[in-house]
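Trainee: This is the structure alone, sequence omitted:
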């Protein structure tokens, strides 16, 4: 009966074998470069269902494409190369590159990936732990830190700009102080914790009773697969003024604007400790009464610059007056030497003033619209001047937008007499 129960539990309800996660390969001590003759320990940790542990689980080890003769959970190695491990039924682990050096000086960096906001630690090590004097650390050929003797170089909160090639130099007493020696260059890559957020419009909230409606904004980003459990907080801003402080909710409802003007918003995503903060591009929202176009508002503004409220040039050319064709009607000729007799007044063509009166109405409405935009921009400048004193520690890169109203130039008409 017990054997039957075990057999039933081993078979999933879907009829397919359970998919195991990729095992985690770790290195102890956590340095990818060692001296010749030294050994390090590799450990393979993976998730195993409880029922599968009724039988001994073997671990497979690979050096490149070569299968190593060991089935233990951890092994000691001293040969350079690319190591991987695999447990029964699970995929192959991520690789670890081990380098072996015969130099007097080596630069050791962690084997595990370093993400934004995490500390980056490296150490310059002399042959079999000899003390290194006049120690210099270099980043892309530029000196970044000096120590009198052996010490680790630490970047407390790594950034993407910390990626590059590192090197160290120093002297050793063997037995007298040697000339400066340099280690080999080591490439270090700081992984992106999460992508720069994008502010999008997800919908509109209709007004109900005394409650005003609004537009729902969402600050979207994506975490690295290895850090998908990292919690993030989100803040929302209107121009340079925060409209909602940091919170766990990635959505914010913008109240319906009280005036008919364009509004610009942006958001910021950050870790709980604020060690990594990234802002989105600006997003332009229409004012009250304007139709909400999700196709246009969900697309971010190119770059990371403020919006420009400059309107495209509007043509204000005066409509041309249709010319009256010079048609000569066939009739009796004038008497010789006589003047034409005055006939009844013909219907005169409409004057330009009458003809353009209807065309000027849209231009006046457009001029009033631009005056409202200019008023909103002036209000924004005054608001930013006040907020500069209210938030001295928070600076936002903005560029003053200009509203240019193009005025039509009346064309002079020359009448030949």
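Mentor: It's in. Everything numeric in this text was worked out from a predicted model, so none of it was measured.

Trainee: low-confidence ranges in the stretch 301-417 of the chain?
Mentor: Counting by pLDDT under 70, the low-confidence segments of the stretch 301-417 of the chain come to 301-363, 387-417.

Trainee: Please report how far residue 59 lies from residue 24.
Mentor: Taking C-beta to C-beta, to the nearest Å as the criterion, residue 59 is separated from residue 24 by 12 Å. C-beta coordinates here come from the backbone N, C-alpha and C atoms, glycine included.

Trainee: which residues are in contact with both of the two?
Mentor: Among the neighbours of residue 59, those also in contact with residue 24 (C-beta atoms under 8 Å, 6 or more residues apart in numbering) are residue 44.

Trainee: So those two - more neighbours on which side?
Mentor: In this comparison of residue 59 against residue 24, neighbours counted by other C-beta atoms under 10 Å, the higher total goes to residue 59 at 21 against 14.

Trainee: Local confidence estimate at the closest residue in space to that one that isn't next to it in sequence?
Mentor: Setting aside the residues directly before and after it, residue 59 is nearest to residue 44 in space (C-beta to C-beta, 6 or more residues apart in numbering), at 5.0 Å. Reported pLDDT at residue 44 in the predicted model: 93.

Trainee: From residue 217, how far out is residue 44?
Mentor: Looking at residue 44 against residue 217, where the rule is C-beta to C-beta, the gap reads 46 Å.

Trainee: Who has more neighbours out of the two?
Mentor: Of the pair residue 44 and residue 217, residue 217 is the one with more neighbours under other C-beta under 10 Å, namely 27 against 22.

Trainee: Show me the contact partners of the host helix or strand of that one.
Mentor: Element membership of residue 217 [criterion: DSSP states H and E] is strand 214-220. Residues outside strand 214-220 that contact it (C-beta under 8 Å, 6+ apart): 197-205, 234, 236, 250-256, 265, 267-269, 280, 283, 285, 292.

Trainee: cutoff 7 Å now
Mentor: Strand 214-220 is contacted from outside by 197-205, 234, 236, 250-256, 265, 267, 269, 280, 285, 292, using C-beta atoms under 7 Å, 6 or more residues apart in numbering.

Trainee: PyMOL command to pick out the buried ones of those residues?
Mentor: Of the contacts of strand 214-220, the buried ones go into a single PyMOL selection, burial set by 16 or more other C-beta atoms under 10 Å:
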select buried, resi 197+198+199+200+201+234+236+250+251+252+253+254+265+267+269+280+285
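
Trainee: out of the contacts of strand 214-220, which are inside strands?
Mentor: Among these, the members falling in strands are 198-205, 234, 236, 251-255, 265, 267, 269, 285 (criterion: DSSP state E).

Trainee: Now residue 63. Its backbone dihedrals?
Mentor: For residue 63, the backbone dihedrals are phi -110, psi 100 (criterion: degrees, to the nearest 10).

Trainee: wait, it sits on residue 83?
Mentor: Yes - contact between residue 63 and residue 83 holds when scored by C-beta atoms under 7 Å: they sit 5.9 Å apart.

Trainee: quick one: which of the two has more around it?
Mentor: Under the neighbour definition other C-beta under 10 Å, residue 63 and residue 83 were set side by side, and residue 83 has more, 23 against 15.

Trainee: so the residue nearest to residue 59 bridges to which residues?
Mentor: According to DSSP bridges, the partner residues bridging residue 44 are residue 25.

Trainee: Any figure for the gap between it and residue 197?
Mentor: Separation of residue 44 from residue 197 (C-beta to C-beta): 37 Å.
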